[in-house]
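Undergrad: Give me a model of this one.
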Amino acid sequence: MDPAHVAIFSSFLCLGVVWDVVERRIPNRLLVVYALFAFFLAARSWDALGAAAVGAGLGLGLLFVPFALGFVGAGDAKFFAVVGAFLGPTRTVHALVLGMAAGGFFALPLLYCRSAGLVTGPKATVPYALPLSLGALAALLCEWTGLSIL
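TA: Got it, this is the predicted structure:
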């Protein structure tokens, strides 16, 4: 990923996380704008464009079952589809594995607080854009440093 690509991707992750933490939703207009950015950046070759399309489909597909079971919201699934468009298929799988691990670290204290009655309502959920974003950044960092993820 070139520096411009990283800057645009990072701005998407930051905006998605802030929206998800503050409002517990990620607006479709944000997702559409950054999906267009991802495909525009990938338009340099047919291979890159195909990787973006497969990454987006894979990102959405990997979170479809958790969405259907009520574990994540539709915004989280669409958010990860855009992440997949930026990362391509292999990095998307790595980002999900690392993001799910990060999500566990957020979920454990939340489960304790919920069982103790310290939090209720919408604030008693993990804004999943945060661990997914951490997973995406960790996947890129692992790739850049040569660390093996899977």
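Undergrad: alpha carbons only for contacts and neighbour counts from here, please
TA: OK.
Undergrad: helices or strands next to the longest helix that the chain contains in the packing?
TA: For the chain, the longest helix by residue count, based on DSSP state H, is helix 89-115. Judged by 3 or more C-alpha pairs under 8 Å, 6 or more residues apart in numbering; DSSP states H and E, helix 89-115 is in contact with helix 46-62, helix 74-87, helix 129-145.
Undergrad: so the second one versus helix 129-145, what angle?
TA: Helix 74-87 runs at 20 degrees relative to helix 129-145, counting by axes from the mean of the first three to the mean of the last three C-alpha atoms, to 10 degrees.
Undergrad: thinking again about what came up before, highest mean neighbour count across the helices and strands packed on helix 89-115, which stretch is it?
TA: helix 74-87 (a mean of 27; mean count of other C-alpha atoms under 10 Å).
Undergrad: now that one against helix 46-62, angle please.
TA: Using the same axes, to 10 degrees, helix 74-87 lies at 160 degrees relative to helix 46-62.
Undergrad: Output the below-cut-off pLDDT ranges for this structure.
TA: By pLDDT under 70, the weakly predicted segments of the chain are 150.
Undergrad: check contacts around the nearest residue to Phe86 once chain neighbours are set aside.
TA: Distances taken as C-alpha to C-alpha, 6 or more residues apart in numbering place Ala38 nearest to Phe86, at 5.2 Å, with adjacent residues excluded. Contacts for Ala38 (C-alpha atoms under 8 Å, 6 or more residues apart in numbering) come out as Ala52, Val82, Ala85, Phe86.
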